[in-house]
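Student: any chance you can model this:
(one chain, ligands or ions: 2)
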Amino acid sequence: MKILVIGGGGREHALAWKLAQSPKVRKVFVAPGNGGTASGARLENLNITDVQELRAWAASKKIAFTVVGPEAPLAAGVVDEFRKHGLRVFGPTRAAAQLESSKAFSKAFMKRHGIPTAEYETFSDPVAAHAYVDKMGAPIVVKADGLAAGKGVVVALSLAQAHEAVDFMLVDNTLGVTHNEGGARVVIEEFLTGEEASFIVMCDGKNVVTLATSQDHKRLLDGDEGPNTGGMGAYSPAPVVTPDVHARAMREIILPTIRGMEADGIVYTGFLYAGLMIDAQGHPKTLEFNCRMGDPETQPILMRLKTDLVDVMMAATEPGPHGRLDTIELQWDRRIALGVVMAAHGYPLHPRKGDTITGIPKIEDDAVVFHAGTAMQDGQLVTSGGRVMCVTVLADNIKQAQQRAYDVAQGIHFDGMQYRTDIGHLAVKS
Ligand code: AMP
Ligand code: GLY
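Tutor: Ligands and ions are numbered 1, 2, ... in the order given. Reported below is the predicted structural model:
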């Protein structure tokens, strides 16, 4: 079987690595891929990014199914394009991907369907937005409508910060936000407190299968300080998601979302990721939806998955009104998986490219370095993006996982590398 994975980050390396372990697989193509997927066992990079070209290529190569990693091709309608031509693909349609690509859409959706989330208002007029900030007071959260690669959210602790965020999102639009049809908009919402977790499921149009829980570390620096990033590390499972919180998240958030989308005329297929804020009483609220797996959450989650992912994807994409995920029961390694992201000099604002990388160890059963922003240049592995790689390990407990991951990380070198030294700190306390 030949498979296509769309994307080129750490999440896509992990997806391709896991799919390539199946005895049914001859080759996993990754478009465009990275320095890790260029040389992995049964992996091959494909230098195509245009959606129609990818579809034509997949049809001509008799690709069994395609898995879409990142949000941008989903929001651009890659799933619609593949399906229109009868190709199997796992991901949400463009309409369904609005749950992530538009904060205004997802907030209005949650309000309409009674799904727990922060109170909010949407604005395109800066004067009204500033007045609302003054009325509500700080702390308050300002979010750009559209895709902003994890940088479109300002948690403003002071009124001044909130006003500044409104200006740079609404007046200047310096973020380079995409897919925000109808001009710049912001969502301004209530500040929530609690502990965050990533709750990810797979949906085939009807049946829902939950993945192992995880927790991401969004801030650049130790102790959850510094600017927000795409994610500096993650581990699975997340102890904050107790069986009770898990049941609530399914009952109050995931299932009403999938049923609500269907009621609104949009069948949901693909990964659905609810970013949860869980309060001290164990009540989860939805911070955001993503219509894909998390990066770096995917890396530890897939390290723990024992089931053949090809079987899962074949069931999920079975042609017909919906797939056959009801026949799948996922098996998880009971150990803890933990991933530490090594980022480039200047990340998140101005990551430097072209630094030579050395010291990456060979893949082992309990330690894998998933590549992200890496590329081969004249036979040499170099940095080519903000998040360069994610050192991901399995161990019996969180302390051992930290020790193992940081042992591996210390052997790796590139100039200007940055990584957090406290990934998993909330789980150590619990
Ligand atoms: P989002 O992209 O919407 O998940 O926001 C990015 C990060 O900002 C989240 O992971 C939270 O840490 C923080 N955040 C977002 N919304 C809120 C909120 N309403 N209250 C507190 N923190 C928030
Ligand atoms: N790690 C957060 C995300 O993938 O959105």
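Student: ok, now which ones touch Met250?
Tutor: Each residue near Met250 by CB atoms under 8 Å, 6 or more residues apart in numbering is listed here: Val208, Thr210. Yep, even glycine has a C-beta here, placed from its N, CA and C like the rest.
Student: that one should be in a strand, yeah?
Tutor: No - under DSSP: H, G, I helix; E, B strand; the rest coil, Met250 sits outside any strand and is assigned helix.
Student: list the buried residues for stretch 349-369?
Tutor: By neighbour count with 16 or more other CB atoms under 10 Å, stretch 349-369 contains the buried residues Pro351, Lys353, Asp355, Ile357, Ile360, Ala367, Val368, Val369.
Student: repeat that for stretch 260-273.
Tutor: Residues of stretch 260-273 classed as buried: Gly260, Met261, Ile266, Val267, Tyr268, Thr269, Gly270, Phe271, Leu272, Tyr273 (neighbour count, 16+ other CB under 10 Å).
Student: over to stretch 332-351?
Tutor: By neighbour count, and taking 16+ other CB under 10 Å as the criterion, the buried residues in stretch 332-351 are 335-345, 347-348, 351.
Student: please identify which of the residues you listed is nearest to ligand 1.
Tutor: Set against ligand 1, the nearest of the buried residues of stretch 332-351 by CB to the nearest ligand atom is Pro348 (12.6 Å).
Student: that closest one contacts Thr229, doesn't it?
Tutor: Yes - under the contact definition of CB atoms under 8 Å, Pro348 touches Thr229, with a separation of 4.7 Å.
Student: spatially nearest residue to the residue most central in space within the chain (excluding sequence neighbours)?
Tutor: For the chain, the residue whose C-alpha lies nearest the mean C-alpha position (CA atoms, centre = their mean) is Gly294; its distance is 2.0 Å. With sequence-adjacent residues excluded and distances taken as CB to CB, 6 or more residues apart in numbering, Gly294 is closest to Ser198, at 5.0 Å.
Student: the one you found: neighbour count?
Tutor: Close neighbours of Ser198, defined as other CB atoms under 10 Å, add up to 25.
Student: hmm, stretch 213-224 in reach of ligand 1?
Tutor: Yes - contact check for stretch 213-224 against ligand 1, using CB under 6 Å from any ligand atom: residues in range are Lys218.
Student: which other residues reach that stretch?
Tutor: Residues lying outside stretch 213-224 but in contact with it, judged by CB under 8 Å, 6+ apart, are 150, 196-200, 225-238, 240-241, 246, 294, 296-297, 300-301, 343, 347-348, 418, 420-423, 425-427.
Student: list the buried residues in it.
Tutor: When burial is assessed from 16+ other CB under 10 Å, stretch 213-224 yields the following buried residues: Thr213, Ser214, Gln215, Asp216, His217, Lys218, Leu220.
Student: repeat that for stretch 126-143.
Tutor: The neighbour-count check on stretch 126-143 (16+ other CB under 10 Å) flags Pro126, Ala129, His130, Tyr132, Val133, Met136, Ala138, Pro139, Ile140, Val141, Val142, Lys143 as buried.
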